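Visitor: Give me the fold of what follows.
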Amino acid sequence: MKRILIFVISLMLAFSLTACSNGGLASKVKGSGIVTSGKSLPDEGKAVTLSPEKFNAFSYSPVAENGKFTLWYDENNSAVRVTDASGTKVWDSVIDFESLGLKLTNVWKQKVSSMFEINYSHPNDNGRERIVSATLRKLETKVWFEKNDEGIDITYYFPKRKLGFVAEFRLTEGGFTVNIPAESIIENGEYRFVSINMLPFFSAFGAEENGYIMTPYSGGALLDFGKETQGKYMQMPVFSESNITPQESTKLDPQASNQTQAQSSGVSLPIIGMNNTRTGFVVFPDEIGEDTYINISTAYYGIPFNRVSFCYYVRNVSTLSFSGSADTAEGTADILDDDIIPADKKLCYELLGESECDYNGMAQKYREHLIEKGLLDAKKSENADVSVEILMSVPRVDMAGTTLVQTTDFEQALQMVKEMKKSGIENALINLKGWNNNGYGATPTENRVEDAIGGSKGLGALAEYCKEIGYKLILETDYTELNTSFSNLSAKKTAVVDNNGFYITNEGENIYYQRLSVIEGYVNEFIKEFSESGISGINFKGFGSLLYRDYNQKVTYTGDFAKGIKEQISKASKSFSDVAVRGTNFYALSGSDYAYDTEIPYVDSTVYSAYVPLLQLIAGDSVGFISTPINAFFSPTSQSLSQLEYNSIPNFELTSESVYSLQDTHYNTLFSAKFDLWLDSIVQQYELRNGELKEVSNSRLVNHTILAKDVVLLKYENGKELLINKSSKDYTYGETAVKAYRFALVN
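Guide: Here you go, the predicted structure:
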């Protein structure tokens, strides 16, 4: 599956259903500044040709070594091998099918013998383009190589397509890197690159081996090797535009929308790994990882090998679908940017031995990389002990127009906080939702306090009291959406457009996504309005879950948007002590203090074998993670235990008044939220973390072990261990016994 924006609209309705800021197809696109055409090649007499039909016996020669690893290269097959210092552990980039005695079709021989697979545009007779895939072997590739002290540079060129690139392999202390510089891309004809799948068969493990694939799905999930998971093939977009894609495709095809959402939801980390308990590896982009997706294939999907890989986009692509008319045939057209994405395609492979060959070791390797690159600020967390989200007001549309439904005013919110303090809670995070003009859901959030719930005076009194008692008070905002149902703003002036010039909107055509420049303006206004108000910070809804490209000449590349979001978070951090985001896309976490909507899976999956808190193992001391409110879950006990396992701050979403009044609004998901009913639970969670669990509450989670179904052992940086039993039966670990639905400190 290509990660694309799918526009399922008819040609006749295309210009009436969606508006365009420039009156038609996008006429101006920011250039990458990289020239891909007219590039010369090395001496053809020194090239090796990879034949689609002839496969040579493998013969590797060493090209570099650093005391820990040796890098080998087979020039006749253009294959890379890495061995450890002892020579007993081997990681191969391709599969030697002949030595293994595998009987494969010629197509599979080409696949398993190729270090790269490319996706490129192929012109059709009707003038439209389509995307096709090919391996190095299939295209009869010309190959040149050049050794250096740290590795090898390999030039690939496909004469029939006039496409090419350079792959740079370098040894590192932990393994190796492979990089395709953007400047090395060659496009000397009518064909153009779309994406490059990097080392798709690297260190593939056989079907008979014991092990698993570690995926970033839902913050961390394992896929065991074996018959239960055989034959699975998944593509997982990293920081995907899933928030946007379903909005477009639901217009005429809700089923396709649901499938897209299911495949891309929850992938907020650019990391993938695999092991067989003796050896393994973990791979991740050198930077944040925009414009990539992950391929996962379990054994028996065409070949009995488990394998994983990263695929990098070379340029942006979208697909326009035509329903047909009297003058136009039904069909699709792939729309490609003229310019390539101006970023290198660099992956870091960390090679693992027995002592670190599990998901904990993989998480640690990625954490070390992020800290070294300055992408993660490892710090002593000073998080709140409990989180309370107070819903104050929401808009409701009825026959008379839009009315404000109030559930909590500032005076009531102040009384709620006073009750918490009176009950012994010394440290809490208070997040206000619907404090603004028109209420929660009227977007973009207006930076004006709603008078009907107490106005600026009421906010000031609450902020002053919170500051006095040491509570953190933040205001939730949403600057990423324009909801025309509650706003008179024009989408023509503020909304994102795709590379066909159409606004990105939802099925009802009332929600549009805001340009980065518009978001910047709202953030500046918020800082000006509230920096002296006494509040401790801001919560940016959407910042950690939305990634888009905008052809308003500002953020043509998703990397531009990620960079822009980081800049807004950094700007807010200079004016406030606490900055939070909703969502856990990693580009938004490095400068944030808190991340709401941390996913904790609960139901048994037919796809994954187990779920693990990978995100918390990587960044648990840098960001305070906050998941679904305890009172919004069907089992508060299970939710509380899961929040312990996922190192998540106990969270509640509450109101002063009954939530009955919300039933006719867009926000009718709360079942039991009246503050008086949940105060005892808040106190219980606070006392738990400051009493029985005080020894582990302020220590970083460093190891997570699954002992049995619904039973896990957590180990913290200070050496303490916590046994959590989420099952319906008692469990004994060594000399420690823990009852069903309980936990116990092991030492």
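Visitor: residues making contact with the helix or strand containing residue 653?
Guide: For residue 653, the enclosing helix or strand under DSSP states H and E is strand 651-654. Residues outside strand 651-654 that contact it (CB atoms under 8 Å, 6 or more residues apart in numbering): 386-391, 416, 433, 596, 626-632, 643, 670, 673-675, 678, 681-682. Yep, even glycine has a C-beta here, placed from its N, CA and C like the rest.
Visitor: which SSE is residue 333 in?
Guide: Going by DSSP H and E, residue 333 is part of strand 331-336.
Visitor: And the next helix or strand past that strand?
Guide: Heading C-terminal from strand 331-336 (DSSP H and E), you reach strand 345-352.
Visitor: ok now the helix or strand that comes right after that next one, how far from the chain's centre?
Guide: Going down the chain from strand 345-352, the next helix or strand is helix 359-373, by DSSP H and E. On the basis of CA atoms, centre = their mean, to the nearest Å, helix 359-373 sits 16 Å off its chain's mean C-alpha point.
Visitor: buried stuff in helix 359-373?
Guide: Using 16 or more other CB atoms under 10 Å as the test for burial, helix 359-373 gives 359, 360, 361, 362, 363, 364, 365, 366, 367, 369, 370.
Visitor: same question, stretch 692-701
Guide: Neighbour-count burial for stretch 692-701 flags 693, 696, 697, 698, 699, 700, 701 (criterion: 16+ other CB under 10 Å).
Visitor: for stretch 414-433, same thing?
Guide: Here stretch 414-433 shows 414, 416-417, 420-421, 425, 427-433 as buried, counting by 16+ other CB under 10 Å.
Visitor: OK, contacts around residue 198?
Guide: So residue 198 contacts 116, 178, 180, 309, 310, 311, 312, 345, 347 (CB under 8 Å, 6+ apart).
Visitor: these two touch, right, residue 277 and residue 353?
Guide: No. With contacts counted by CB atoms under 8 Å, residue 277 stays clear of residue 353, the gap being 10.8 Å.
Visitor: partner strands of the strand holding residue 653, parallel or antiparallel?
Guide: strand 386-391 (parallel) (DSSP bridges).
Visitor: Helix or strand next in line after the strand it pairs with, which one?
Guide: strand 393-398.
Visitor: Please name the nearest non-neighbouring residue to residue 316.
Guide: residue 337 (4.5 Å; CB to CB, 6 or more residues apart in numbering).
Visitor: quick one, what contacts that neighbour?
Guide: 29, 315, 316, 317, 499, 556.
Visitor: Let me see the domain layout of the protein.
Guide: 6-373, 386-479+514-690, 699-747 (automatic domain parsing).
Visitor: Could I get the average pLDDT for the longest one?
Guide: In this case it means domain 6-373. Per-residue pLDDT values across domain 6-373 average out to 84.
Visitor: how far does it sit from the chain's center?
Guide: Worked out by CA atoms, centre = their mean, domain 6-373 lies 17 Å from the chain centre.
Visitor: could we number from 776 for the rest of this?
Guide: Taking 776 as the first residue, the last one we looked at is domain 781-1148.
Visitor: contacts for stretch 1252-1265?
Guide: 1170, 1172, 1177, 1211, 1213, 1216-1220, 1222, 1266, 1269-1270, 1285-1289, 1293-1294, 1297-1298, 1301, 1313-1318, 1321.
Visitor: Mark which of those residues are part of strands, please.
Guide: 1170, 1172, 1177, 1286, 1287, 1288, 1313, 1314, 1315 (DSSP state E).
Visitor: Just the buried residues from these, in PyMOL please.
Guide: Of the ones in strands among the contacts of stretch 1252-1265, the buried ones can be selected in PyMOL as follows, counting by 16+ other CB under 10 Å:
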select buried, resi 1170+1286+1287+1288+1313+1314+1315
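Visitor: so what's the closest residue in space to residue 1158 that isn't next to it in sequence up against?
Guide: Closest residue in space to residue 1158, ignoring its immediate chain neighbours: residue 1399 at 3.6 Å, by CB to CB, 6+ apart. Residue 1399 makes contact with 1156, 1158, 1159, 1204, 1368, 1369, 1370, 1424, according to CB under 8 Å, 6+ apart.
Visitor: so what's residue 1399 bridging to?
Guide: Beta-bridge partners recorded for residue 1399 (DSSP bridges): residue 1369.
Visitor: Go through stretch 1505-1512 and flag the buried ones.
Guide: 1506, 1508.
Visitor: Let me see the ranges of the strands in the stretch 1326-1475 of the chain.
Guide: 1353-1357, 1369-1373, 1385-1386, 1399-1402, 1423-1424, 1426-1429 (DSSP state E, counting those that start in this stretch).
Visitor: so which of the ones you listed comes closest to residue 987?
Guide: strand 1385-1386 (8.4 Å; CB to CB).
Visitor: That closest one: partners in the sheet, and parallel or antiparallel?
Guide: strand 996-999 (antiparallel).
Visitor: Which neighbouring elements make contact with the helix or strand following the partner strand?
Guide: Where DSSP H and E defines the elements, the next helix or strand beyond strand 996-999 is strand 1008-1012. Counting contacts by 3 or more CB pairs under 8 Å, 6 or more residues apart in numbering; DSSP states H and E, strand 1008-1012 packs against helix 1029-1039, strand 1067-1072.
Visitor: Buried members of the contacts of stretch 1252-1265 into ChimeraX, please.
Guide: Per 16+ other CB under 10 Å, the buried members of the contacts of stretch 1252-1265 correspond to this ChimeraX selection:
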select :1170,1211,1213,1216,1217,1218,1219,1220,1222,1266,1269,1270,1286,1287,1288,1289,1293,1294,1297,1298,1301,1313,1314,1315,1316,1317,1318,1321
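Visitor: mean confidence score for the strand holding residue 1428?
Guide: Strand 1426-1429 comes out at a mean pLDDT of 96.
Visitor: Next, work out how far apart residue 977 and residue 891 are.
Guide: 11 Å (CB to CB, to the nearest Å).
Visitor: longest helix in the chain, by residue count?
Guide: helix 1333-1350 (DSSP state H).
Visitor: Now do the closest residue to residue 1270 other than its chain neighbours, the pLDDT please.
Guide: Closest residue in space to residue 1270, ignoring its immediate chain neighbours: residue 1287 at 3.9 Å, by CB to CB, 6+ apart. You'll see residue 1287 listed with a pLDDT of 89.
Visitor: show me what contacts residue 1287?
Guide: Residue 1287 touches 1256, 1257, 1259, 1266, 1269, 1270, 1271, 1278, 1279, 1280, counting by CB under 8 Å, 6+ apart.
Visitor: re earlier: dump the buried residues of stretch 1189-1208 to CSV, plus secondary structure and pLDDT.
Guide: As requested, the buried residues of stretch 1189-1208 are exported to CSV (DSSP: H, G, I helix; E, B strand; the rest coil; pLDDT from 0 to 100):
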residue, secondary structure, pLDDT
1189, helix, 98
1191, helix, 98
1192, helix, 98
1195, helix, 98
1196, helix, 98
1200, coil, 97
1202, coil, 94
1203, strand, 97
1204, strand, 98
1205, strand, 98
1206, strand, 98
1207, strand, 98
1208, strand, 98
